[in-house]
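*Asks:* dropping the sequence and predicted coords here.
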Amino acid sequence: MAQNLIFERATRFLLALRHCQVLGITVHDASEEGITLTLPYSPKIVGDSQSGVIHGGALTSLMDSACGMATLCVLPEFEVCPTLDLRIDYMHPAIPHRDVHGFAQCYRVTKDVIFTRGFAYQDDPAHPVAHVVGTFMRLGKGLKGAPVSSGTAKGDSA
């Protein structure tokens, strides 16, 4: 799938996610390798008014969205893939007044579950604010669980 098509599909999907619209999240990059979303710094997402540190819930929304949207990077067609499990390990608070980027990729695709991993960072991806792993259930193209082909890893038929 061409990088531009993935980026366009991700951008269209993001427009349908109301919580992402409220938070101002945008698609920074999307390709077969993964997706990067951007959460712009704003006073409305501050969790500690004294320090200006971003609330953990805003970062969780960023990373859940990034991991869920990473499925768009590996599936040939849109599928409904709700979150089964999400674990975020926070390394340190995000620096106030700076945007946060969330990168996620799929590292295993099966007929029922997609496994993702990623990280949140500000200026340097080598110094992440948080690490994330998530699993997403494949329900297929429709809500009734349309049949999908099986695969065992990224690159296998999905």
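*Replies:* All right, it came through fine.
*Asks:* flag the shaky bits of this protein, pLDDT-wise.
*Replies:* Scanning the chain for pLDDT under 70 picks out the ranges 1-3, 141-158.
*Asks:* that one: helices as residue ranges?
*Replies:* Along the chain, counting by DSSP state H, helices occupy 3-15, 18-23, 56-74.
*Asks:* most tightly packed of those?
*Replies:* Comparing the helices of the chain by mean neighbour count (mean count of other C-beta atoms under 10 Å), helix 56-74 ranks first with a mean of 23. For glycine as for every other residue, the C-beta is placed from the backbone atoms N, C-alpha and C.
*Asks:* show me the contacts for the most centrally placed residue in the chain.
*Replies:* Residue closest to the mean C-alpha point of the chain, counted by C-alpha atoms, centre = their mean, is Ala66 at 0.7 Å. Contacts of Ala66 were listed using C-beta atoms under 8 Å, 6 or more residues apart in numbering, and they are Ile35, Thr36, Leu37, Gly102, Phe103, Ala104, Gly118, Val132.
*Asks:* 7 Å instead, please
*Replies:* Counting by C-beta atoms under 7 Å, 6 or more residues apart in numbering, Ala66 touches Ile35, Leu37, Gly102, Phe103, Ala104, Gly118.
*Asks:* Thr71 touches Val113, doesn't it?
*Replies:* No. Look at Thr71 against Val113 with C-beta atoms under 7 Å: they stay out of range, at 10.6 Å.
*Asks:* mind listing the shared neighbours of the two?
*Replies:* Contacts common to Thr71 and Val113, judged by C-beta under 7 Å, 6+ apart, are Phe136.
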